[in-house]
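Chemist: return atomic coordinates for the entry below.
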Amino acid sequence: MTITLRFHETGGPEVLRVENIDVAAPGPGEARVRHHAIGLNFIDIYQRSGLYKVPLPSGAGNEGAGVVEAIGEGVTWVKPGDRVAYAGGPIGSYCEVRNMPADRLCMLPEDISYEQAAAMMLKGMTVQYLIRRTYAVQAGDTVLFHAASGGVGLIACQWLKALGATVIGTAGSEEKCALARAHGADHCIDYRTENFVERVREITHGTGVRVVYDSVGKDTFLGSLDCLQPLGMMVSFGNASGPVPPFDPGLLTQKGSLFFTRPSLFSNTARRSDLEATAQELFDIVHSGQVKIDIGQRYALANAAEAHRDMEARKTTGAGILIP
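Modeler: Below you'll find the predicted structure:
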């Protein structure tokens, strides 16, 4: 028997239930992974709350790191004893042991710990596709990155700085802004006390930024558009404050022929070759020391509901992980 967290109906953190289940032998194309650490992400909340629809009952969680215990027929990507990590694939990482599609597992370098991996795979690969593929940031670009003190934000600030960008972040307190600046943000705007649109215009001397990366959603969407230069790109990749309401595409024309996109990690890593390349670039920049992984919170696996409450209340900084 192994401990797993599941939800049978959508709702608040209280719908997460601790259950004991038997894990079958891995089937064809599968590998059984024993987790050493499990990542916490806002997508977990979106799925649990019903914002993103998943079949019920459902497991929870989308990211983990551990050791391969057994493999099924036809598996060549990994073997028993391998250190692996993943982000995406079937929902259900909030558990001690699970079967995973083997082609979604990435080999974990020896110099990266399980806790680091669980804290960085989804967030770090998200940063990679955002700043290297969705809009390829160049040296000299000025960018706005919302939620700069979160798990994705702290990785992004460091990586953007390594690329030679000028980084403007937003966060919800001076303490969080200080954390973002310590991780590479040139400027950080406390959105609770400052108008971020006015401050961005002030910082850029009225020019605006080349690209906005926005995981906040409803509360920041229109303001983010007003921060862009003509022909700038709005990248919406999350809904921490709620989904972006429907809008007239003509608004993009009115504000300077802007580009708008809503990408996902899963589309960007659907092909095995893209998954491997994305993970390798992340491993390389962490290995170089230019990006350090900040683990702000650790929770016992059984306390996942508490972790969700803290994330929803904006009490967290950096990445959070669950320990089986």
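
Chemist: just the buried positions in the helix or strand hosting residue 6, please.
Modeler: Using DSSP states H and E, residue 6 falls within strand 2-7. For strand 2-7, a neighbour-count test (16 or more other C-beta atoms under 10 Å) marks 4, 5, 6, 7 as buried. C-beta coordinates here come from the backbone N, C-alpha and C atoms, glycine included.

Chemist: ok, then the element right after that strand?
Modeler: strand 17-21.

Chemist: residue 160 should be in a strand, yeah?
Modeler: No. Applying DSSP: H, G, I helix; E, B strand; the rest coil, one finds residue 160 to be helix, outside a strand.

Chemist: centroid residue for this structure?
Modeler: The residue lying closest to the centre of the chain (C-alpha atoms, centre = their mean) is residue 123, at 3.2 Å.

Chemist: domains in the protein, by residue range?
Modeler: Following automatic domain parsing, one gets these domains for the chain: 2-121+266-323, 139-262.

Chemist: which among those domains is found nearest to residue 128?
Modeler: Of all those, domain 2-121+266-323 sits nearest to residue 128, with 5.1 Å by C-beta to C-beta.

Chemist: ok now the closest one, how far from the chain's centre?
Modeler: 11 Å (C-alpha atoms, centre = their mean, to the nearest Å).

Chemist: any idea of the mean pLDDT for it?
Modeler: Taken as a whole, domain 2-121+266-323 carries a mean pLDDT of 96.

Chemist: mind listing what residue 13 touches?
Modeler: With contacts defined as C-beta atoms under 8 Å, 6 or more residues apart in numbering, the neighbours of residue 13 are 48, 304, 305, 306, 308, 309, 312.

Chemist: can you give me the distance of it to residue 309?
Modeler: 5 Å (C-beta to C-beta, to the nearest Å).

Chemist: over to residue 47?
Modeler: Going from residue 47 to residue 309 by C-beta to C-beta gives 16 Å.

Chemist: quick check, residue 245 in contact with residue 219.
Modeler: No. Taking contacts as C-beta atoms under 8 Å, residue 245 lies outside contact range of residue 219: 11.0 Å.

Chemist: ok, these two, which is more surrounded?
Modeler: Here residue 245 and residue 219 are compared on neighbour count by other C-beta atoms under 10 Å; more neighbours surround residue 219, at 16 against 9.

Chemist: now the residue nearest to the more buried one when sequence neighbours are not counted: phi and psi?
Modeler: In space, residue 219 comes closest to residue 241 once its chain neighbours are excluded; the distance is 3.9 Å by C-beta to C-beta, 6 or more residues apart in numbering. The phi and psi values for residue 241, taken as degrees, to the nearest 10, are phi -100, psi 0.
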